[in-house]
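# Next one to model:
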Amino acid sequence: MKTKNKFLLFALIGICFSACSNNKDKNGKELSTTTTGEVKIAADETLLSIIDAQEQVFETIYPKANLSAVYLPELDMMDLFIKDSISLVVAARGLNPSEIAYFKGKHSYTQNKIATDGIALIVNNQNTDTTFTLAQVREIMRGNFKDWNTLDKKSTLAKINLVFDNKNSGTVRYMAELVGQKSIPGYALKTNEEVIKYVSENKNALGIVGVNWISDKDDPKAMKFRSGINVVGIMGDPGDLGDDYYYQPYQAYFATKQYPLLREIYSISREPRAGLATGFASFISSDKGQKIILKSGLLPANAPIRIIQTN
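Alright, predicted model coming up:
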């Protein structure tokens with residue numbers, strides 16, 4: 001009986017030793033869990049305010065979690081992700097075919113849709129031309145419409161100064177894909193914040209930004225941004241859901257798909273085990289995380305939405 005008890009004791013010690021060993025990497029550093037440890041993540045610069053809010057709430061709930069987030073243009077962010085420098089990215093697209101081919105058979109990955117976002121076109125608040133058709137948007141992005149009086153014969157403004165955040169951004173990629181080109185004309189600044197500032201100071205400017213930079217009505221910074229600009233309403237192509245009106249980038253029109261410039265937001269993880277990156281991705285998709293997205297002005301992927309029509 002004593003021999004049996006000794007055997008069980010040694011077995012338990014062995015299991016505990018093995019478990020402790022499995023919680024450390026090859027360098028002896030403690031591995032993270034879904035709610036503890038350290039991890040480096042990246043997000044599209046367009047999504048800075050949303051992911052920053054998610055991180056603050058997550059770390060408040062789980063004080064032993066330490067997320068180090070960087071905000072980058074899409075191309076730079078995905079390059080780091082493919083090189084295995086980052087465990088988790090939040091991007092304004094899913095993995096493309098070449099990226100999926102890279103992971104296939106080599107590495108595991110998970111991607112989850114977390115929200116629907118929109119691209120907003122903004123003009124100076126002294127510009128009265130605040131409604132475009134999607135066909136007109138395409139002609140601007142192709143460089144065919146260069147002057148404001150091309151859109152409105154009565155306009156006294158001169159050349160359209162098209163500005164965007166960064167030539168490597170997901171926003172630019174989206175607009176280039178919209179017109180079937182590799183790039184679009186215009187001036188690359190550095191951030192969405194710089195685009196909004198430029199537009200607010202220049203009458204001839206037309207800016208392209210992510211919706212969440214101007215959509216959170218509880219964010220004083222977002223409301224300050226809106227004071228110097230007008231947001232453009234866009235009518236869809238004939239036969240589209242939004243072909244009957246100039247729709248602005250509101251959540252309700254994201255849900256009904258009447259606003260035409262929509263894109264999906266994904267969390268993409270390459271973490272081989274359930275660590276902190278997995279825990280944070282799960283949090284974004286949870287009820288709490290989806291409520292943060294709802295408050296930001298985007299359309300959450302999982303939270304129920306109630307649309308109320310008022311007259």
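
# Pull the number of nearby residues for the nearest residue to Thr36 once chain neighbours are set aside.
Spatial nearest neighbour of Thr36, excluding adjacent residues (C-beta to C-beta, 6 or more residues apart in numbering): Lys64 at 4.1 Å. C-betas here are computed from N, CA, C, even on glycine. By the other C-beta atoms under 10 Å criterion, the neighbourhood of Lys64 contains 12 residues.

# ok, Lys64 - contacts?
Each residue near Lys64 by C-beta atoms under 8 Å, 6 or more residues apart in numbering is listed here: 35-37.

# so what strands line up beside the longest strand belonging to the chain?
Taking DSSP state E as the criterion, the chain has its longest strand at strand 110-124. Applying DSSP bridges, strand 110-124 is found paired with strand 205-210 (antiparallel), strand 229-231 (antiparallel), strand 262-269 (antiparallel), strand 299-300 (antiparallel).

# Just checking, which helix or strand succeeds it along the chain?
For strand 110-124, the following helix or strand on the C-terminal side (DSSP states H and E) is strand 131-133.

# list the helices and strands that following strand packs on?
When contacts are defined as 3 or more C-beta pairs under 8 Å, 6 or more residues apart in numbering; DSSP states H and E, strand 131-133 packs onto strand 233-235.

# Tell me which helix or strand Met175 sits in.
helix 170-178.

# chain center to that helix, what's the gap?
How far helix 170-178 lies from its chain's middle: 14 Å, per C-alpha atoms, centre = their mean, to the nearest Å.

# Give me the angle between the longest strand of the chain and helix 170-178.
90 degrees (axes from the mean of the first three to the mean of the last three C-alpha atoms, to 10 degrees).

# how about strand 110-124 as PDB, C-alpha atoms only?
Once non-C-alpha atoms are left out, strand 110-124 reads as follows in PDB (Å, rounded to 0.1, in the frame of the first residue of the first chain):
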ATOM      1  CA  THR A 110      -7.600  32.000 -36.900                       C
ATOM      2  CA  GLN A 111      -9.400  35.000 -38.200                       C
ATOM      3  CA  ASN A 112     -12.800  36.300 -37.000                       C
ATOM      4  CA  LYS A 113     -14.900  39.100 -38.300                       C
ATOM      5  CA  ILE A 114     -15.500  41.600 -35.500                       C
ATOM      6  CA  ALA A 115     -17.100  44.600 -37.200                       C
ATOM      7  CA  THR A 116     -18.300  46.300 -40.300                       C
ATOM      8  CA  ASP A 117     -16.500  49.600 -40.900                       C
ATOM      9  CA  GLY A 118     -17.000  52.400 -43.500                       C
ATOM     10  CA  ILE A 119     -14.700  54.700 -45.500                       C
ATOM     11  CA  ALA A 120     -15.800  58.300 -45.000                       C
ATOM     12  CA  LEU A 121     -15.200  61.200 -47.500                       C
ATOM     13  CA  ILE A 122     -14.900  64.500 -45.800                       C
ATOM     14  CA  VAL A 123     -14.700  68.100 -47.100                       C
ATOM     15  CA  ASN A 124     -14.100  71.500 -45.500                       C
END
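
# Just the mean pLDDT for it, thanks.
The average pLDDT within strand 110-124 is 96.

# Please tell me how far it is from the chain's geometric centre.
With C-alpha atoms, centre = their mean, you get 6 Å for strand 110-124.

# Helices of the stretch 201-311 of the chain, start to end?
212-215, 220-226, 251-255, 276-285, 287-296 (DSSP state H, counting those that start in this stretch).

# cool, and the stretch 51-200 of the chain?
Under DSSP H, counting those that start in this stretch, the stretch 51-200 of the chain gives helices at 74-82, 97-103, 134-142, 148-151, 170-178, 192-201.

# Wait, Asp240 touches Pro260, no?
Yes - counting by C-beta atoms under 8 Å, Pro260 is a contact partner of Asp240 at 6.6 Å.

# Please name the nearest non-neighbouring residue to Ile293.
Ile293's closest residue in space is Pro300 (C-beta to C-beta, 6+ apart), at 4.3 Å.

# Much appreciated, bye for now.
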